[in-house]
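Novice: pasted the sequence and its predicted model underneath.
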Amino acid sequence: MHIVILVLVEVLIVIGLSRLVGLGFRSIKQPLVIGEIVAGIMLGPSLFGLVAPDVAVSLFPPETIPFLNVLSQVGLIFFMFLIGLELNPKYLSGQLEVAVLTSHVSILLPFSLGTLLAVLLYPLVSNASVSFTTFALFLGAAMSITAFPVLARIITENNLQGTRLGTLALTCAAVDDVTAWCVLAVAIAVARTGNFAGAIPTIIASIVYIALMLTVGRWFLKGLAKHYLRAGRLSQLLLAGIYMGVVASALITEQIGIHLIFGAFLLGAAMPKNEDLVRELAVKTEDFVLIFLLPIFFAYSGLKTQIGLLNRPELWLLCALVLGVAIAGKYVGTYVAARVSGINKREASALGWLMNTRGLTELIVLNIGLELGVISPLIFTMLVIMALVTTFMTSPLLEWTYPKKLIKLDVVQPESEAETDIDTDATVGSETYVRPYRILVPVANPSSQKGLVQLAVGIALNYQHPAVVNPLSLIEFQENYAFESTPVEADRLIAQRRQQLEELINTLEPLETRSHVHPIIRISSNVARETAQIAALEQVDLILVGWHRPAFSSNRLGGRVGQILTTAPVDVAVFVDRGGERLESLLVPYSANIHDDLALILALRLLINHENCMLQVLHVIPENRLRDELSYELNTMIEQLPSSVRDRIEIKIVQAPEPIQAVVEASKSVDLTIAGTSGTWGIKRQTLGRYTDQLAIQCRSSLLITRRYSQVIAHLASVLPEVSSQEPTLRS
């Protein structure tokens, strides 16, 4: 009983640390799985055993290791089933000839280099009980692996699944995955029998079993799929049958002489790819496997990873050589094959870095090699370091090689979007194109944010100058391996969100405004950061965001809204919608600072765009101060306005001990109050980028809170060119 309790304590520590370190790695734009692998290494002799050896031995004594091994093996079986389940034939539908050549060269070159490296490493880090052939096969397989699951998630997070590069990378990785597992199966067969001749019966039995699974097995599984379609749901009985099939298939491949994981992978690959069945089966399976079982596998691997074994400079040099061979083999092999196939240099380079991803798949291979005694703990540690480094470097090198500005945004009407991408006035033929005034509108929930988009349309459109409103819908994924983050499922979610946005756009009034609204749908792991990046790439004039109540705060300007206010490199306005649909009376409390200037400028833009709109500028001064005139800049701007606009502006100067209360009182009789992020109105930035929100709480009308970033953007230029040069400038 004591052992069971100790194992449960270990599981608590493993899951907690895995989540914590994984989230830390996500914050630096790395796959969650890298953090979880690092967490496992931290619990082993490389860190925990080094810093507190006595405590480490007490928490992870040798007698508990077999229990962790059993749990990790179960986790691996079902994880490999998930990989096979997600191996969709759609990935093999595009550029197959190019992909087959590229993926096979990207296996052949690193495999060959790995075999040559084995000549050097075998006498140094191996022993006589392992044949050179077996050692070379395993080292070559370890060098040639690409982690399809990690690569697929990187493609999704970078919104590459709809591009030529993303499609080609997925096809290459899928072909690579199948080929690499076959190579590994041969390596295992040779390792268990000692030579190629002895492995031939195992290889023949494996081929026969694969053929049976892809014919008879698939026929039987199609019957299960038909039962699912009739029932309309995945019942516990059907799920139990599938799980029994996974375990049975794993046991068969183990008995054949390859490994448990191949049977599980094969059953997943043979499953009918009915979208609903695959989705429900993956969702029901993945949470327990990924949250509970897989971190135990990482911990089990970490307990066997001993970085302390690299205790001499020459061993670190060997580790660097292993890393260099792995990177050069994968990158050069992929790059050369891609270039020969006609892929341009930039895409070929990006493809090379993507195929260099090894991640968890490499760790599975290494554990098999260590378990069979083919590789020693020393070479195991070197290869774990190689797996971590090659996966860690993928995202930054991909961003450097293929930056976001080269990735085509997923827009509903690409041809219209293309017209709005022109940055400056330009003449093409006999037509002059002008960069449109653009508002980016992050939309979290299309069904409840019509007012936000309608306000953006009201600010942007005047029919005298091109303008575009881009509702931005970011689909956020928290988990690397969740089924929803696979490229196929991501495409389904994007299509679903696009339809929701189209339904929202079709409710906008008047009808002619709808052609100016072009949604952008993106996959994102960080909404605030992605919003800021898109705003910069698309050179938007204004971000208009609706407030939401953060999960752990009542502050209306907290959470993601606060992050956008603090980090976005453009002017930002936050809309607090009180539900009123009219936009006939505006209130701007004015205290002569740059953020109030933006509030006034946006109000004037609304005034110009809507002939029935009235504006009250409320200038509040303390009671003990003499009444003064408005700023020179404000007076100058108003004098430049046409009389049809100027006549609808009322400037009211009042003395009040509490400026906020004066604004709250005035807000009772208007449709929209527009205020800058000023301490005067109880809205100012505090430490850590947090904003107070006193006026947001008390204001009786809908409220638009403005934060000015740059004086360069002239929001009135497109509606009143002669006024644009008079927009208020920075004050001291």
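Specialist: On my side now, so go ahead.
Novice: so A337 is in which element?
Specialist: Assigned by DSSP states H and E, A337 falls within helix 313-340.
Novice: quick one: average pLDDT of that helix?
Specialist: The average of the pLDDT scores along helix 313-340 is 93.
Novice: got the buried residues for it?
Specialist: In terms of neighbour count (16 or more other Cβ atoms under 10 Å), helix 313-340 has its buried residues at 315, 318-319, 322-323, 325-327, 329-339. Heads up, the C-betas are built off the backbone N, CA and C, glycines and all.
Novice: stretch 464-472 now?
Specialist: Applying 16+ other Cβ under 10 Å to stretch 464-472 flags 466-472 as buried.
Novice: repeat that for stretch 522-541.
Specialist: For stretch 522-541, by 16+ other Cβ under 10 Å, it's 522-535, 538, 540-541.
Novice: by mean pLDDT, point me to the weakest helix or strand of the protein.
Specialist: helix 414-419 (a mean of 40; mean pLDDT, DSSP states H and E).
Novice: just say helix, strand or coil for L618.
Specialist: Assigned with DSSP: H, G, I helix; E, B strand; the rest coil, L618 falls in the strand class.
Novice: residue contacts, the closest residue in space to it that isn't next to it in sequence?
Specialist: Distances taken as Cβ to Cβ, 6 or more residues apart in numbering put P589 closest to L618, at 4.8 Å, once the chain neighbours are dropped. Neighbour list for P589: 596, 599, 618, 620, 659, 662-663, 666, 673, 675, 680-681 [criterion: Cβ atoms under 8 Å, 6 or more residues apart in numbering].
Novice: distance of P589 relative to I705?
Specialist: Separation of P589 from I705 (Cβ to Cβ, to the nearest Å): 11 Å.
Novice: what sits in contact with each of the two?
Specialist: A675.
Novice: touching, E476 and S525? I think so.
Specialist: Yes: counting by Cβ atoms under 8 Å, S525 is a contact partner of E476 at 6.8 Å.
Novice: gap between T381 and T134?
Specialist: 19 Å.
Novice: repeat that for N593.
Specialist: Taking Cβ to Cβ, one finds N593 at 74 Å from T134.
Novice: between the two, which is the more surrounded one?
Specialist: T134 (26 against 19; other Cβ atoms under 10 Å).
Novice: for that one, phi and psi?
Specialist: In terms of degrees, to the nearest 10, the main-chain angles of T134 are phi -60, psi -50.
Novice: buried stuff in stretch 599-617?
Specialist: Those would be 599-610, 613-617, for stretch 599-617 by 16+ other Cβ under 10 Å.
Novice: just those residues: which are in helices?
Specialist: Among these, the ones falling in helices (DSSP state H) are 599-609.
Novice: gap between the lengthiest strand in the chain and the chain center?
Specialist: Ranked by residue count under DSSP state E, the longest strand found in the chain is strand 467-476. The chain centre lies 16 Å from the centre of strand 467-476; the measure is Cα atoms, centre = their mean, to the nearest Å.
Novice: what's the answer for stretch 366-383, then?
Specialist: 32 Å.
Novice: ends of it, how far apart?
Specialist: Using Cα to Cα, to the nearest Å, one end of stretch 366-383 lies 7 Å from the other.
Novice: kindly report the same for stretch 507-526.
Specialist: One end of stretch 507-526 sits 29 Å from the other (Cα to Cα).
Novice: just the buried residues of it, please?
Specialist: By 16+ other Cβ under 10 Å, the buried positions in stretch 507-526 come out as 508, 513, 516-526.
Novice: please save the CA atoms from the helix or strand I651 falls within in PDB.
Specialist: Secondary structure from DSSP H and E places I651 in strand 649-655. Written as PDB, here are the backbone C-alpha positions of strand 649-655 (Å, rounded to 0.1, in the frame of the first residue of the first chain):
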ATOM      1  CA  ILE A 649     -21.400  70.800 -32.200                       C
ATOM      2  CA  GLU A 650     -22.200  72.200 -28.800                       C
ATOM      3  CA  ILE A 651     -19.300  73.200 -26.600                       C
ATOM      4  CA  LYS A 652     -20.100  73.300 -23.000                       C
ATOM      5  CA  ILE A 653     -17.700  74.500 -20.300                       C
ATOM      6  CA  VAL A 654     -18.700  73.600 -16.700                       C
ATOM      7  CA  GLN A 655     -17.100  73.900 -13.300                       C
END
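Novice: quick one on the thing from earlier: you'd agree the residue nearest to L618 is in a strand?
Specialist: Yes: counting by three-state DSSP, one finds P589 located in a strand.
Novice: before we move on, back to that, what's the farthest-apart pair in the buried residues of stretch 507-526?
Specialist: T513 and S525 (32.7 Å; Cβ to Cβ).
Novice: where does pLDDT dip in the stretch 51-200 of the chain?
Specialist: Applying pLDDT under 70 to the stretch 51-200 of the chain picks out residues 92-95.
Novice: how about the helices in it?
Specialist: Here the stretch 51-200 of the chain has its helices, by DSSP state H, counting those that start in this stretch, at 53-59, 65-86, 96-125, 132-144, 148-157, 164-193, 196-212.
Novice: could you redo these as JSON lines and give each row distance to E484?
Specialist: Below are those laid out as JSON lines (distance: least, Cβ to Cβ, whole Å):
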{"stretch": "helix 53-59", "distance to E484": "35"}
{"stretch": "helix 65-86", "distance to E484": "11"}
{"stretch": "helix 96-125", "distance to E484": "25"}
{"stretch": "helix 132-144", "distance to E484": "30"}
{"stretch": "helix 148-157", "distance to E484": "9"}
{"stretch": "helix 164-193", "distance to E484": "16"}
{"stretch": "helix 196-212", "distance to E484": "30"}
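Novice: closest to A248 out of the ones you listed?
Specialist: helix 65-86 (10.9 Å).
Novice: now the strands for this structure?
Specialist: All strands of the chain, identified by DSSP E, fall at 426-428, 431-433, 437-442, 467-476, 520-524, 542-546, 571-576, 585-590, 614-621, 649-655, 672-676, 702-707.
Novice: which among these is found nearest to L32?
Specialist: Comparing these by Cβ to Cβ, strand 467-476 comes nearest, at 13.5 Å.
Novice: so for V561, what's the pLDDT?
Specialist: Looking at V561, the pLDDT reads 82.
Novice: any low-confidence regions in the stretch 501-650 of the chain?
Specialist: Looking at the stretch 501-650 of the chain by pLDDT under 70, you get 548-558, 622-634.
Novice: how about 90 then?
Specialist: 507-515, 522-530, 532-539, 546-569, 576-584, 590-597, 600-601, 608-612, 618-647, 650 (pLDDT under 90).
Novice: likewise for the stretch 201-350 of the chain?
Specialist: Applying pLDDT under 90 to the stretch 201-350 of the chain flags residues 223-235, 257-259, 273-276, 283, 287, 311, 341-344, 346-347.
Novice: returning to that earlier point: quick one: the longest strand of the chain to strand 520-524, angle?
Specialist: 30 degrees (axes from the mean of the first three to the mean of the last three Cα atoms, to 10 degrees).
Novice: between strand 467-476 and strand 542-546, how many degrees?
Specialist: Using the same axes, to 10 degrees: strand 467-476 against strand 542-546 is 50 degrees.
Novice: now do strand 467-476 and strand 437-442, the angle between them.
Specialist: Using the same axes, to 10 degrees, the direction of strand 467-476 lies 20 degrees away from that of strand 437-442.
Novice: give the other helices and strands that strand 467-476 contacts.
Specialist: Secondary structure elements in contact with strand 467-476, counted by 3 or more Cβ pairs under 8 Å, 6 or more residues apart in numbering; DSSP states H and E, are strand 437-442, helix 450-460, helix 487-505, strand 520-524, helix 527-538.
Novice: out of the ones you listed, which is closest to G359?
Specialist: That would be helix 487-505 among those, by Cβ to Cβ, at 16.3 Å.
Novice: ok so, going back, list just the nearest of the ones in helices among the buried residues of stretch 599-617 to W353.
Specialist: L602 (43.3 Å).
Novice: report the contact partners of T531.
Specialist: 440, 442, 472, 474, 543, 545, 564, 568.
Novice: scratch that, T390 is what I was asking about
Specialist: 323, 326-327, 330, 356-358, 362.
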